[in-house]
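Trainee: only the shape, not the letters, is given here:
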């Protein structure tokens, strides 16, 4: 089933304890759509400036991502600069230049409007609402957000939450949005705000899925080399929602469990190299192999007695 | 198979955001031996002062823990006072009164010396070595330690590591001991110091088991009510090593995986109430039910194709 994503395409400058890169390809929609493209047709909506090169657009097209909705306008592309310490779980933003993104008013091409699945990446909730106005009765809508919107546009964010099926959010943001340190209670409170499903991303500790009375936990794949977590959250979401769209079944817990694991598998690749680079080397075989390794990592036999 | 544990029995005073308790029963050997007693025969070595009541000793005896090695000497029992913030993963020690523990020289009763399994709880590595001198050829020895010994008695600790089969250690301590922030590399370095198996405890995020080329991950059971993590690490170790002793097979990965999960299951009970209280209410049925819930929490079907 077709999957619409609305988010950012950007140039990132990133420092980690293991090195640094300047103005490399990034942005939530770039990571999300690439990860999702392994599972389903993706329709991308984002904006770039006239300094944006052709190559990434060609890359997306080769991955069958529809880039009709990627608007190129006069001006400079969105730029983000951040640093990670040895605790790679949290980015410290050093600089944000919104550039053409500051006037971003997502406009969906006509044939995007019947999208079955949609993902509203971490953008202004006012824009997320504008997107929701333009889609005709989608089967499933997921959204991401961040502390900036929780603190600055809580009412608009709550209006978004009332209209989405799933919120995919970081652990710290889940605490902030719910006012609850305990994740089980935090998820319960967020579900009361609207989303049937809440997915809490815990960085190197994996992800928790809350669905009605069901909880599912997927760890992050333990890697020997973690270089740069930039894009991991969006890649996770791309794998997860992409796989859900592939299955076309959103209510059954087995699809939700599998999709959470697929998200973790996809995210495990992106952190192994700087920024977007690892995403260029992926193929079905590597993804499937890591899924199998992942299954081995956490499988154990049932126990029928303590003795 | 019989399991020897050498550690502390103490009075704990604990503050968490959810309440406080004063001078309640605690200590690594108390938590460990109670958790392990659900799976195997336990021989306890520890020291208490003449202020220590009869009731906990009766409780241990009822659980078939051999308390011949629990020496009662003149003076006051070890006391620990700590506080946890909303991040319940790390205890802040407010006060430590070693009392009779400062002269603790573990002496094993004659019939403890043929122990098949042994656990050296977090005590001075010099004492851990003294225990190792007194046991005859045990099948399997596991040890715990902490930053205090890593910083103050590294050589003695390294001598212990050369002689144990498994180290059970917190994530932060694993980083400190190995000088490696990445857990896969940290475990590799620690394994090079001696232990065949390294188990890294991650508090509310679960535990990682490293065994040769195998990695296994067990999440912590996500609880709605987490009151007090005191004793969780020792209860985890008690469940894990107790179950390994029950199986009597230490080399096979399936036993190691199951024992890691059993450790997480046992630890999940202790954090639901203040200090030792939750350990008094356990029975086989509750343990088995939570194991089943745990299996549900992380199980998913294998994937044979991305399509």
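Mentor: Arrived safely. A quick note: this is a predicted structure, and the numbers were derived from the prediction, not measured.
Trainee: what sits closest to the residue of the stretch 1-150 of chain A found nearest chain B if chain neighbours are left out?
Mentor: Proximity of the stretch 1-150 of chain A to chain B (Cβ to the nearest Cβ) peaks at residue A:86, 4.5 Å away. In short, each C-beta sits where N, CA and C put it, glycine included. Distances taken as Cβ to Cβ, 6 or more residues apart in numbering or on different chains place residue B:181 nearest to residue A:86, at 4.5 Å, with adjacent residues excluded.
Trainee: what's the spacing between that neighbour and residue A:271?
Mentor: To residue A:271, residue B:181 is 13 Å away according to Cβ to Cβ, to the nearest Å.
Trainee: between the two, which is the more surrounded one?
Mentor: Neighbour tally, residue B:181 and residue A:271, criterion other Cβ atoms under 10 Å in any protein chain shown: the higher count belongs to residue A:271, 24 against 16.
Trainee: my guess is that one contacts residue A:233. True?
Mentor: No: with contact defined as Cβ atoms under 8 Å, residue A:271 does not count as touching residue A:233 (10.6 Å).
Trainee: now stretch A:44-55: buried residues?
Mentor: Residues of stretch A:44-55 classed as buried under the neighbour-count rule (16 or more other Cβ atoms under 10 Å in any protein chain shown) are A:44-49, A:52.
Trainee: quick one: contacts of that stretch?
Mentor: By Cβ atoms under 8 Å, 6 or more residues apart in numbering or on different chains, the residues outside stretch A:44-55 that reach it are A:4-9, A:27, A:29-30, A:33, A:60, A:65-67, A:69-78, A:99-101, A:104, A:106-108, A:112, A:131.
Trainee: next step: those residues restricted to helices.
Mentor: Secondary structure assignment by DSSP state H places A:29-30, A:33, A:60, A:131 of these in helices.
Trainee: farthest pair in these?
Mentor: Using Cβ to Cβ, the ones in helices among the contacts of stretch A:44-55 span at most 19.2 Å, a distance reached by A:60 and A:131.
Trainee: check residue A:226 and give its pLDDT.
Mentor: Residue A:226 carries a pLDDT value of 81.
Trainee: phi first, then psi, for the closest residue to it other than its chain neighbours.
Mentor: In space, residue A:226 comes closest to residue A:271 once its chain neighbours are excluded; the distance is 5.0 Å by Cβ to Cβ, 6+ apart. The phi/psi pair for residue A:271 (degrees, to the nearest 10) reads phi -80, psi -10.
Trainee: work out the gap between the helix or strand harbouring residue A:289 and the centre of the chain.
Mentor: When elements are assigned from DSSP states H and E, residue A:289 belongs to helix A:284-298. The gap between the average C-alpha position of helix A:284-298 and the chain average comes to 20 Å, counting by Cα atoms, centre = their mean, to the nearest Å.
Trainee: buried residues of that helix, list them for me.
Mentor: Buried residues in helix A:284-298, counting neighbours by 16+ other Cβ under 10 Å, are found at A:287, A:290-291, A:294-295, A:297-298.
Trainee: with distance to residue A:245 and pLDDT as added columns, please give these in CSV.
Mentor: Conversion of the buried residues of helix A:284-298 to CSV gives the following (distance: Cβ to Cβ, whole Å; pLDDT from 0 to 100):
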residue, distance to residue A:245, pLDDT
A:287, 16, 96
A:290, 20, 94
A:291, 17, 94
A:294, 20, 91
A:295, 22, 92
A:297, 26, 90
A:298, 25, 89
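Trainee: which of those residues come close to chain B?
Mentor: Counting by Cβ under 8 Å from any Cβ of the partner chain, the subset of those that neighbours chain B consists of A:287, A:291, A:295, A:297-298.
Trainee: pipe these into TSV and attach distance to residue A:168 per row.
Mentor: Conversion of those to TSV gives the following (distance: Cβ to Cβ, whole Å):
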residue	distance to residue A:168
A:287	20
A:291	20
A:295	22
A:297	22
A:298	21
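Trainee: the stretch 201-307 of chain A: strands as residue ranges?
Mentor: Taking DSSP state E, counting those that start in this stretch as the criterion, the stretch 201-307 of chain A carries its strands at A:207-211, A:214-218.
Trainee: partners of the first one, with directions?
Mentor: The strands beside strand A:207-211 in its sheet (DSSP bridges) come out as strand A:197-201 (antiparallel), strand A:214-218 (antiparallel).
Trainee: picking up where we left off before, more neighbours, residue A:60 and residue A:131?
Mentor: Looking at residue A:60 and residue A:131 with other Cβ under 10 Å, you find the greater number of neighbours at residue A:131, namely 24 against 21.
Trainee: and the more buried one, what is it in contact with?
Mentor: A:4, A:6, A:45, A:106, A:108, A:118, A:120.
Trainee: chain B contacts on the stretch 151-300 of chain A?
Mentor: A:181-185, A:202, A:205-206, A:208, A:215-219, A:222-226, A:246, A:254, A:257-258, A:260-262, A:284, A:287-288, A:291-292, A:295, A:297-300.
Trainee: grab the nearest non-local neighbour of the spatially most central residue of chain A.
Mentor: Central residue of chain A (Cα atoms, centre = their mean): residue A:234, 2.5 Å from the mean position. Distance criterion Cβ to Cβ, 6+ apart; nearest residue to residue A:234, sequence neighbours excluded, is residue A:31 at 3.9 Å.
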